[in-house]
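K.L.:
Here you go, sequence then predicted model.
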Amino acid sequence: MTHMLKECNNLASDYVNIVLVYLYGKCRKVEQSRGNFDQISDKGKRSILSWNTMIGTYVQNGCALEALTVFKSMMENYDCCPNHVTMVSILSACAEIGDLDLGIWVHNYMRTSGKKHVLSSKVNLATALIDMYSKCGNLDVAREVFAEIVEKDVVSFNAMIIGLAVNGKGDEALRLFSEMQELCLLPDSGTFPGALSACSHSGLLDKGREIFDEMTRKDSLISPKLEHYSCYIDLLARWGYIEEALGVVSCMPFEANEFVWGAILAGLVLHNRLEIARNVSSMLVGVDPENSGGYVMLSNSFASDLEWRSVSKLRGVMREKGVVKERGRSWINIGGVVHEFLAGSALHDQNRSVYLVMESLLREMRLSSS
């Protein structure tokens, strides 16, 4: 009887910790989530629910590498088989850091070890695969996965449209956009950013205007939200129509956010319109004071005009507000192990070897150019 009560208490404690992992994750308190996960008993970790909750927390909070580390620990140290929920999270992590090798492993695992026809029947899993392959640049396989889906829905179409768009296949993305409507699938608020992005990445300005105008008509089923305005402004600014983009900002029924000003700022830099960039940088700093992007652009604008006192003053403001320039980050998969590198960081265990190789390459480049 005592043993049974102890088992019940352990089980209850495990469930409480799983709930806390989830709740802390939703509140973006990842360390507390991990602390509660580590308190789950070994028996509790035989349940896929505990692993899915921790992996999902990491993925939702931008900690892709940590999510993959937990997944590998689950596979190697615990007798716990992943399900389609696990794999959707892992594929999202693979997409974020570009780990195509692990993404392919997940795809093969679901084909060989998962339930029969799981890819064609679980649309969310197929959609995650499409997203992963698209972001890793393997459009051919993304198209194959899309073709395998028996009952395609708006979400799967959206994933394929966005995948084509970000890989510069704007015409194909828009053909798919039209095909979806021919199948009587009504576009939702997630479809139009993909279509507008396709126009933006491929320079299809007139088509982008047509799509946005369609959204702004009174009889449109989808009224444009701020994200749609942001996509349209990005299209205009990217292709040099800065004044038109600023006109849209002044007329839209929303306050411009960091994405709107960031899109305009990127267009100004791309087209060397630095005379306006200073004002837009100030607007970006105003709406997102903790983001370093606006400060950096404003500082560069001052520096280009040799206003070094203003540069120094702005850097002082950044220090005072605790704004730190976001460091560049990259990942590389070698032998199934993902290595993360941060700009200016010497924390990698093979850091010295990496720098020695870099110095050797730089010497060779100098010799070949002399």
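P.N.:
Cool, got the structure. Residues are numbered from 1 along each chain as shown.

K.L.:
How about the contacts made by the residue nearest the centre of the chain?
P.N.:
By CA atoms, centre = their mean, the chain has its centre lying nearest to residue 96, at 5.7 Å. Contact analysis of residue 96 by CB atoms under 8 Å, 6 or more residues apart in numbering lists 59, 62, 64, 135. C-betas here are computed from N, CA, C, even on glycine.

K.L.:
Now which of those would you call buried?
P.N.:
Among the contacts of residue 96, the ones that count as buried by 16 or more other CB atoms under 10 Å are 59, 64, 135.

K.L.:
State the phi and psi torsions of the residue nearest to the centre of the chain.
P.N.:
Recorded main-chain torsions at residue 96 are phi -70, psi -40, according to degrees, to the nearest 10.

K.L.:
Same list as before, the buried ones among the contacts of residue 96 that is, but in JSON lines and with secondary structure and pLDDT included.
P.N.:
What follows is the buried ones among the contacts of residue 96, written out as JSON lines (DSSP: H, G, I helix; E, B strand; the rest coil; pLDDT from 0 to 100):
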{"residue": "59", "secondary structure": "helix", "pLDDT": "95"}
{"residue": "64", "secondary structure": "helix", "pLDDT": "92"}
{"residue": "135", "secondary structure": "helix", "pLDDT": "93"}
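
K.L.:
which one among the residues you listed gets closest to residue 80?
P.N.:
residue 59 (17.8 Å; CB to CB).

K.L.:
I'd like to know how far the closest one sits from residue 33.
P.N.:
12 Å (CB to CB, to the nearest Å).

K.L.:
Now the common contact residues for these two.
P.N.:
Residues touching both residue 59 and residue 33 (CB under 8 Å, 6+ apart): none.

K.L.:
if we can go back for a sec, any chance of TSV for the buried ones among the contacts of residue 96, columns distance to residue 271?
P.N.:
Output for the buried ones among the contacts of residue 96, formatted as TSV (distance: CB to CB, whole Å):
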residue	distance to residue 271
59	36
64	34
135	27
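
K.L.:
What is the nearest of the residues you listed to residue 125?
P.N.:
Distances from residue 125 to the buried ones among the contacts of residue 96, taken by CB to CB, are shortest for residue 59, at 14.5 Å.

K.L.:
Could I get the contacting residues of the closest one?
P.N.:
67, 89, 92-93, 96.

K.L.:
Looking at those, point me to the pair that's furthest apart.
P.N.:
89 and 96, at 10.8 Å, using CB to CB across these.

K.L.:
all helices for the stretch 151-300 of the chain, in order.
P.N.:
154-166, 170-182, 191-202, 205-216, 226-238, 242-251, 258-270, 274-287, 292-304 (DSSP state H, counting those that start in this stretch).

K.L.:
returning to what we had before: strands - which of the contacts of residue 59 land there?
P.N.:
Counting by DSSP state E, no part of those is found in strands.

K.L.:
Can you list which of these are found in helices?
P.N.:
Within the contacts of residue 59, residues falling in helices by DSSP state H are 67, 89, 92-93, 96.

K.L.:
can you put the residues you listed in JSON lines and add pLDDT?
P.N.:
Formatted as JSON lines, the ones in helices among the contacts of residue 59 follow (pLDDT from 0 to 100):
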{"residue": "67", "pLDDT": "94"}
{"residue": "89", "pLDDT": "95"}
{"residue": "92", "pLDDT": "95"}
{"residue": "93", "pLDDT": "95"}
{"residue": "96", "pLDDT": "91"}
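
K.L.:
Pick out whichever of those sits closest to residue 141.
P.N.:
Using CB to CB, the ones in helices among the contacts of residue 59 come closest to residue 141 at residue 92, 16.8 Å.

K.L.:
which ones are touching the closest one?
P.N.:
59, 64, 128, 131-132.

K.L.:
quick one: which helix or strand includes residue 144?
P.N.:
Using DSSP states H and E, the element containing residue 144 is helix 139-148.

K.L.:
now what about that helix, what contacts it?
P.N.:
Helix 139-148 is contacted by residues 107, 119-120, 126, 129-130, 133-134, 152, 156, 159-160, 163-164, 167, 169 when judged by CB under 8 Å, 6+ apart.

K.L.:
any low-confidence regions in this protein?
P.N.:
1-11, 114-121, 301, 304-305, 321-349, 369-370 (pLDDT under 70).

K.L.:
follow-up on the earlier one: any chance of the contacts of residue 96 in a markdown table, with distance to residue 200 too?
P.N.:
Output for the contacts of residue 96, formatted as a markdown table (distance: CB to CB, whole Å):
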| residue | distance to residue 200 |
| --- | --- |
| 59 | 27 |
| 62 | 24 |
| 64 | 26 |
| 135 | 17 |
